[in-house]
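# Would you be able to build a 3D model of this:
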Amino acid sequence: MTPTKIGFLHPGAMGISLAASAQNSGNSAVWASEGRSGETRERAESRSLTDAGNLDALSAACPVIVSICPPHAAEEVADSVLARGFRGLYLDANAISPARTQRIAARMAEAGVAFVDGSIIGGPAWTPGKTWLYLAGPSAAEMAHYFAAGPLETAVLGESADDIGQAAALKMVFAAYTKGSTALLSAILAVADANGVREALETQWSRDNSSFARQTQGRVRGVTAKAWRFEGEMYEIADTFEQAGLPAGFHQAAAEVYRRLAGFKDDDETPPLDAVLAALRSP
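Sure thing, here's the model as predicted:
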């Protein structure tokens, strides 16, 4: 396949790793610096991404666009690309519900844009076999080819229009456990601490599994840096459960847990556990 200019909206910690895999596969990675932070600029420059300047120029220059943004912004980003007259191949790789994915896909199809439903499981893709991009839709195999050299791994779930939403659904059910259980453990520790039994709880956990208490503390402290982003993802999971006829309340509560931790977003260091539990007890 001919090397292609691929636009990345926007190269955060995850997006920049996908851009690197695209470059490894012989493609050019492009971004738009307008309105982005200095940190994002440094990240893009460190991986030699081409700066198109703004979304208008990026949409005109790139036949392929990859969207990786906070869940709440996914539709706004898609609409902004359509408003620029983009008519190429668009990958939505955001942590959004199947229903939201299908709404975006319908708008793209109406405008004549080829749409791929995507989801990412794993951290930033710097190590082979660790991060997977799942793809669905008629152009899924084409999109996978743009990342063929890795280290990002790809898997096509389906290649028909009816399959759009499968990649989103897989992300939702996977994160429902991984991030949902971390939210639950965070709340459990906060409640135990409020009642003066956290030490006793951790002792009991250690009787059954010597490392569980320590691992739980690490998960609760470690999630703080990304909690601001996980709030929206929990609401997307709640919607996914509701659409399937399951209760949405658990992940709505998980969203609230992450909202209370959002203040740690810009911390340079992992906060102490006592600070995390205090934040959880403060609505």
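
# Paired strands for the longest strand along the chain, with orientation please.
Counting by DSSP state E, the longest strand found in the chain is strand 114-121. Strand 114-121 sits in its sheet next to strand 89-92 (parallel), strand 132-136 (antiparallel), going by DSSP bridges.

# from what I can see Gly15 touches Gly7, true?
No - here Gly15 does not reach Gly7: they are 10.7 Å apart, not a contact under Cβ atoms under 8 Å. Glycine gets a C-beta too; all of them are placed from N, C-alpha and C.

# now Gln215, what's its secondary structure?
The three-state assignment at Gln215 reads helix, by DSSP: H, G, I helix; E, B strand; the rest coil.

# Count the residues that sit near it.
Gln215 has 12 neighbours, counted by other Cβ atoms under 10 Å.

# Distance from stretch 156-168 to the middle of the chain?
For stretch 156-168, the separation from the chain centroid amounts to 18 Å (computed by Cα atoms, centre = their mean, to the nearest Å).

# Need the distance between the two termini of that stretch.
One end of stretch 156-168 sits 12 Å from the other (Cα to Cα, to the nearest Å).

# Buried ones in it, by neighbour count?
Neighbour-count burial for stretch 156-168 flags Val156, Leu157, Gly158, Asp163, Ile164, Gly165, Gln166, Ala167, Ala168 (criterion: 16 or more other Cβ atoms under 10 Å).

# what's that stretch in contact with?
The contact list for stretch 156-168 (Cβ atoms under 8 Å, 6 or more residues apart in numbering) reads 96-102, 105, 109, 115, 117-119, 134-138, 140-141, 144, 170, 240.

# One more: stretch 267-283?
Stretch 267-283 has contacts (Cβ under 8 Å, 6+ apart) with 186-187, 189-190, 193-194, 198, 217, 220-222, 224-225, 257, 260-261, 263-264.

# Glu203: which element?
If you look again at residue 203, you'll see it is Thr, not Glu. Per DSSP states H and E, Thr203 falls inside helix 198-208.

# Including pLDDT, could the buried residues of stretch 156-168 go into CSV?
As requested, these are arranged in CSV below (pLDDT from 0 to 100):
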residue, pLDDT
Val156, 98
Leu157, 98
Gly158, 97
Asp163, 98
Ile164, 98
Gly165, 97
Gln166, 98
Ala167, 98
Ala168, 98
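
# Determine the set of other helices and strands touching the host helix or strand of Arg103.
For Arg103, the host element (DSSP H and E) is helix 98-111. Applying 3 or more Cβ pairs under 8 Å, 6 or more residues apart in numbering; DSSP states H and E, we find helix 98-111 packed against helix 74-83, strand 89-92, strand 114-121, helix 166-194, helix 227-243.

# Pick the most deeply packed of those.
strand 89-92 (a mean of 26; mean count of other Cβ atoms under 10 Å).

# tell me how far that strand is from the chain's mean position?
Distance, centroid of strand 89-92 to centroid of chain: 15 Å (Cα atoms, centre = their mean).

# Restricting to C-alpha, output it in PDB.
The C-alpha coordinates for strand 89-92 follow below in PDB (Å, rounded to 0.1, in the frame of the first residue of the first chain):
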ATOM      1  CA  LEU A  89     -11.200   7.400   5.900                       C
ATOM      2  CA  TYR A  90     -12.000   8.200   9.500                       C
ATOM      3  CA  LEU A  91     -11.100   6.000  12.600                       C
ATOM      4  CA  ASP A  92     -12.900   6.700  15.800                       C
END
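
# Any regions of the stretch 1-150 of the chain where pLDDT drops low?
1 (pLDDT under 70).

# swap the cut-off to 90 and go again
Along the stretch 1-150 of the chain, segments meeting pLDDT under 90 span 1-3, 10-12, 35-39.

# on that earlier part again, mind giving me CSV with the strands paired with strand 114-121 and columns for distance to Ala61?
Output for those, formatted as CSV (distance: least, Cβ to Cβ, whole Å):
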stretch, distance to Ala61
strand 89-92, 14
strand 132-136, 23
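
# which one of the buried residues of stretch 156-168 is nearest Tyr177?
Relative to Tyr177, the closest of these is Ala168; by Cβ to Cβ it sits at 16.1 Å.

# count of residues packed around the nearest residue to the closest one once chain neighbours are set aside?
With Cβ to Cβ, 6 or more residues apart in numbering as the criterion, Ala168 has its nearest non-adjacent residue at 4.2 Å, and that residue is Thr101. The number of residues packed near Thr101 is 29, by other Cβ under 10 Å.
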